[in-house]
Every structure is written in C-alpha cells, then in structure tokens.
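[1] Coordinates only, no sequence provided:
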C-alpha cells in the first residue's frame, strides 16, 4: 500500500527536478546559440560546456523518470506529456550540438588539417575536459543526493510529527471513551436511585391513603355511635 507521504514526496521531487531541468535547458540553449559565433579553442570550450549541460539534462531526466512513478495515476497523464516534451527538447539539443561539433574547420581553426591524428596538446586538452566533465557530473550528483536526503529527512520529520499527533489523538479518544463509560455508570446509578425514590413515594402514597381511609371510617363510626 502506497504511503501518502511517499506520494507527496515524489510529486515534490519531480517538480524540483523539472524546475532545475528548465534552468539547465535555458543555459544549454544559450550555449548552443553562442557556438556558431566561435572558432578554435573558444568553440571547443563552448562545446564542452554544452556537452556537460546535456549530460546534466540527461541525469535530471533519469531522476524525473523514476520520480514520476510515485505520482498519483490521475495526474500521471499530464506529467507524462510534460516529460515527453522535455525529452524531445533534449533530443533536439543533441542533434544541434552534433551538427555544430561536426564542423571541424571551425572547431580547430587554423590548426585544422585532413590528418585524423590529433596533436598531443589536443589529446591533453581533451583529457582535461573529460576529467572536468566527470568532476562536474560527480558534483552535480552529490548535490542532488544531498537535496534528496534533505527532503527525505524533512519528510521523515513530518511523518514522525504526524504519528505523534495521531498517538495523542488516540490517547484523547481512549480517555473520552473511559469518561463516557464512567458517565454511563453514573447515569445507571442515578436511574436506579430515581426508581427507588419513585417506589418509596408510591408506597408512602398508599400508606397515606390507607391512614386517611381508616380515619374517615373511625370518624363515621363515632358519628354513627353518637346519634344512635
């Protein structure tokens, strides 16, 4: 059975990843627009930055793909439509970047030749860029893990508070039930007391009527004896 807290956490995480994705997407679009105006090393650097942004976008899509499974079924079609739109934008950015990267003359500038063998400086630059990309990916993953952990801790705290409130409510309900049970006992005793009082009043009424009847008979007997 799904926990409502887990469902809420999944929706919040998906929205958080989506907001972060839009920021990355805007940065990526800006970098792709700048690349055609650059040549040589600046163009290489811009392409590397765009590749890192694409990798980050892919990572965010992966996280969103997992988190959207925790969203309620009634909301999932709308979320899936938004997710497909984000995927399409990433694919379009990949195609555009691939087209810009294939222009080797603009990429290498005056140093470009038909010789496929790269110079040592080019290899070292590529290695440094790969290392930087790996470091950036690791940093971004670490930051997302920390954010997820913080949100999980916050959700756990909310859940613990909710459980504590439910426990207090249960104790209040149990106490109220005990009070009602005791009150029912008081009512039963009061009813018995009232019934006893009613019986005594009825008995007293009968005795009073009997005494009056006897007194009337005696008076009548005295009057009869006096005039006889």
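    Arrived safely. Quick caveat, the model's predicted, so the values are computed rather than measured. Numbers count the residues shown, from 1 in each chain.
[2] tally of neighbours for residue 42?
    By the criterion of other Cβ atoms under 10 Å, residue 42 has 13 neighbours. For the C-beta atoms, the positions are set from N, CA and C on the backbone; glycine is no exception.
[3] which helices and strands does the helix or strand containing it pack with?
    In this assignment (DSSP states H and E), residue 42 forms part of helix 40-67. Applying 3 or more Cβ pairs under 8 Å, 6 or more residues apart in numbering; DSSP states H and E, one finds that helix 40-67 makes contact with helix 4-34, helix 76-101, helix 104-108, helix 120-227.
[4] in the second one, what counts as buried?
    So that's helix 76-101. For helix 76-101, the neighbour count (16 or more other Cβ atoms under 10 Å) marks 79, 83, 86, 89, 90, 93, 96, 97, 100, 101 as buried.
[5] Distance of the residue nearest to the last one when sequence neighbours are not counted relative to residue 92?
    Yep, that's residue 101 we're talking about. Sequence neighbours aside, residue 47 is the residue nearest to residue 101 in space, at 5.6 Å (criterion: Cβ to Cβ, 6 or more residues apart in numbering). With distances taken as Cβ to Cβ, to the nearest Å, residue 47 is found 17 Å from residue 92.
[6] What of residue 65?
    Relative to residue 92, and taking Cβ to Cβ, residue 65 is found at 18 Å.
[7] again with residue 132
    As for residue 132, its distance to residue 92 is 25 Å (criterion: Cβ to Cβ).
[8] Next, the buried residues of stretch 29-41.
    Quick answer for stretch 29-41 (16+ other Cβ under 10 Å): 29, 31, 32, 35, 38, 39.
[9] now, which of the residues you listed sits nearest residue 154?
    residue 29 (32.6 Å; Cβ to Cβ).
[10] wait, the closest one sits on residue 93?
    Yes - between residue 29 and residue 93 there is a contact under Cβ atoms under 8 Å: 7.4 Å.
[11] how about a markdown table for the buried residues of stretch 29-41, with distance to residue 145 and pLDDT added?
    Formatted as a markdown table, the entries for those read as follows, by distance: Cβ to Cβ, whole Å; pLDDT from 0 to 100:
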| residue | distance to residue 145 | pLDDT |
| --- | --- | --- |
| 29 | 27 | 90 |
| 31 | 26 | 86 |
| 32 | 28 | 88 |
| 35 | 31 | 85 |
| 38 | 34 | 81 |
| 39 | 39 | 82 |
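[12] Out of these, which is nearest to residue 204?
    residue 29 (101.3 Å).
[13] Can you name the residues that contact the closest one?
    residue 93 (Cβ atoms under 8 Å, 6 or more residues apart in numbering).
[14] could we number from 681 for the rest of this?
    I'll keep to 681 as the first residue from here, and by that count the last item is residue 709.
[15] circling back to that earlier point, can you tell me which two in the buried residues of stretch 709-721 are farthest apart?
    Across the buried residues of stretch 709-721 (Cβ to Cβ), the longest gap, 20.6 Å, separates 709 and 719.
[16] ok, now how distant is residue 755 from residue 695?
    11 Å.
[17] Over to residue 829?
    In terms of Cβ to Cβ, residue 829 sits 18 Å off from residue 695.
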